[in-house]
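*Asks:* Fold the following and give me the result.
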Amino acid sequence: MGKQDNIYEEGNLSGLPFSFNQEVTEVFEDMIDRSVPGYKTSLKLIAQFSKKYYQANTNCYDIGCSLGASSLAIISGANNAKVIAIDNSEAMITECNNRYGNLVADESIRFLQDDVCKSKLENASVICINYVIQFLKLAERDKLIKKAFEALVPGGVLLISEKVHFKNKFQSRRLFQLHHSFKSANGYSDLEIAGKRDSLEGVLLTETQEVHINRAISAGFSSAEKVLSNINFVTYKFVR
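*Replies:* The predicted structure is shown next:
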């Protein structure tokens, strides 16, 4: 476990947008655990579905791997799986290679620093994109999901977790307040919550559940199922 997240203890004094730099890498585990309801459950689901859908002699991908939690979940669920974990953050990839040197050495995981929208995906039976699409430019999102579909073998699975918003403004506001309370209960002050929200402005752009499902169906997926919902965070399973 890394350091405790106190990056925004005094608000966003720098005025800089959020980025997955060295500072965030050092506190990332604490940050995501205290900020994302259902995060640990989403990892358990990745392990469960990896066990079910992994096919021998295929690749598994962790797109936007951060510190490799989803990669470890895939390996724990699927015997003999080989994971290719991709992230554009140098700090995250460096930390992953330092932490999981034994898994890298036996070729269970390969960590790549690359643009997830440009990385080559092929011969896959499991692809995981956990809380990543929300950080991509809108024009890149359809392309990534289409690329994931084309990389999957028949019967392969795409697992996506995302923060969402709702068309109904009352519902969105109610769940926004509930999420605020969740973070408060986990020790964040109102100033910290506001500081992080300011830093994420224009960086994290949520979409509705309908948009995520329609994007996957348009890409060619035959099955779309919501398998987890916690406040305004959801996990989907799309099967080719």
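*Asks:* can you give me the strands in the protein?
*Replies:* Using DSSP state E, the strands of the chain run over 59-63, 83-87, 109-113, 124-130, 152-163, 223-230, 233-239.
*Asks:* Can you list the low-confidence ranges for this protein?
*Replies:* Applying pLDDT under 70 to the chain flags residues 1-2, 13.
*Asks:* can you give me the helices in this structure?
*Replies:* 22-35, 39-53, 69-77, 90-99, 101-105, 138-151, 169-185, 190-200, 209-219 (DSSP state H).
*Asks:* what angle do the last one and helix 138-151 make?
*Replies:* What it means is helix 209-219. Our comparison of helix 209-219 with helix 138-151, counting by axes from the mean of the first three to the mean of the last three C-alpha atoms, to 10 degrees, yields an angle of 50 degrees.
*Asks:* CA atoms only for helix 209-219, dumped as CSV, please.
*Replies:* The C-alpha trace of helix 209-219 is given here as CSV (Å, rounded to 0.1, in the frame of the first residue of the first chain):
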residue,chain,number,x,y,z
GLN,A,209,-25.0,4.4,-19.2
GLU,A,210,-27.0,4.4,-22.5
VAL,A,211,-24.0,5.9,-24.3
HIS,A,212,-21.6,3.2,-23.0
ILE,A,213,-24.0,0.4,-24.0
ASN,A,214,-24.8,1.8,-27.4
ARG,A,215,-21.1,2.3,-28.1
ALA,A,216,-20.4,-1.4,-27.4
ILE,A,217,-23.4,-2.6,-29.5
SER,A,218,-22.4,-0.3,-32.4
ALA,A,219,-18.9,-1.8,-32.2
